[in-house]
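>>> Predicted structure and sequence below. I'll ask about it afterward.
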Amino acid sequence: MADSVVDASAVAAFVFEEPHAAPVVHAISHSFLAPSLIHYELANLCATKLRREPAAARLILARYEIFLRLEFRTEEPEWELLPELAQRWGLSAYDAAYLQLAQRYEMPLVTLDARLANAYAAATRG
């Protein structure tokens, strides 16, 4: 079973060795759960990095390979809940998918996204 739900911002910080990744390293190195859309989000981030930094393409693709080798569980969110959840907390439907999984399984949510972190904190308070 997964220890936490981890969003794309946290996984990307870990995979691409961003300076602010330290708080998420523990979560990424253990078992985690994410909606299947995390694959699209990381592929899109990689493509964006390749456009912005073509000289670093080899390194960017090598770091993306690390993501592809990570072992984690993916699951579909409850799609019918996402629009209302997104609207309630002022999130994108993408971010609401992470929140919805964290709520469903009563797991901590690991994110570097302040808006998502605030929504998670408010939602878990009651």
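Yes, it's here. Given the structure is predicted, the values throughout are model-derived calculations rather than measurements.
>>> switch to C-alpha atoms for all contacts and neighbour counts from now on
Noted.
>>> Of all the residues in the least confident helix or strand in the chain by mean pLDDT, which ones are buried?
The least trusted helix or strand in the chain, going by mean pLDDT, DSSP states H and E, turns out to be helix 25-28, with a mean of 76. Across helix 25-28, burial judged by 16 or more other Cα atoms under 10 Å covers 25, 27-28.
>>> Toward the C-terminus, what is the element adjacent to that helix?
Using DSSP states H and E, the helix or strand that follows helix 25-28 in sequence is strand 32-35.
>>> Would you mind writing the CA trace of that next one as CSV?
Taking Å, rounded to 0.1, in the frame of the first residue of the first chain, the C-alpha atoms of strand 32-35 are listed here in CSV:
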residue,chain,number,x,y,z
PHE,A,32,3.3,6.5,-3.3
LEU,A,33,0.1,6.9,-5.1
ALA,A,34,-0.9,9.4,-7.9
PRO,A,35,-3.6,9.8,-10.5
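>>> as a whole number, average confidence for that strand?
Averaged across strand 32-35, pLDDT comes to 96.
>>> Show me the helices in the protein, by range?
In the chain, the segments counted as helices under DSSP state H are 8-15, 25-28, 38-52, 57-69, 82-89, 93-105, 114-125.
>>> just checking, what packs against the second one?
Which is helix 25-28. Secondary-structure packing of helix 25-28 (3 or more Cα pairs under 8 Å, 6 or more residues apart in numbering; DSSP states H and E): strand 4-6, helix 8-15.
>>> Can you tell me what sits against the least confident helix or strand of the chain?
3-4, 6, 10-11, 14, 110 (Cα atoms under 8 Å, 6 or more residues apart in numbering).
>>> What does the pLDDT read for the residue in the chain sticking out farthest from the centre?
Most distant residue from the mean C-alpha position of the chain: Ala55, 26.4 Å away (Cα atoms, centre = their mean). pLDDT for Ala55: 98.
>>> do the same with the one 10 residues further on
Each residue has a pLDDT score; the one for Glu65 is 97.
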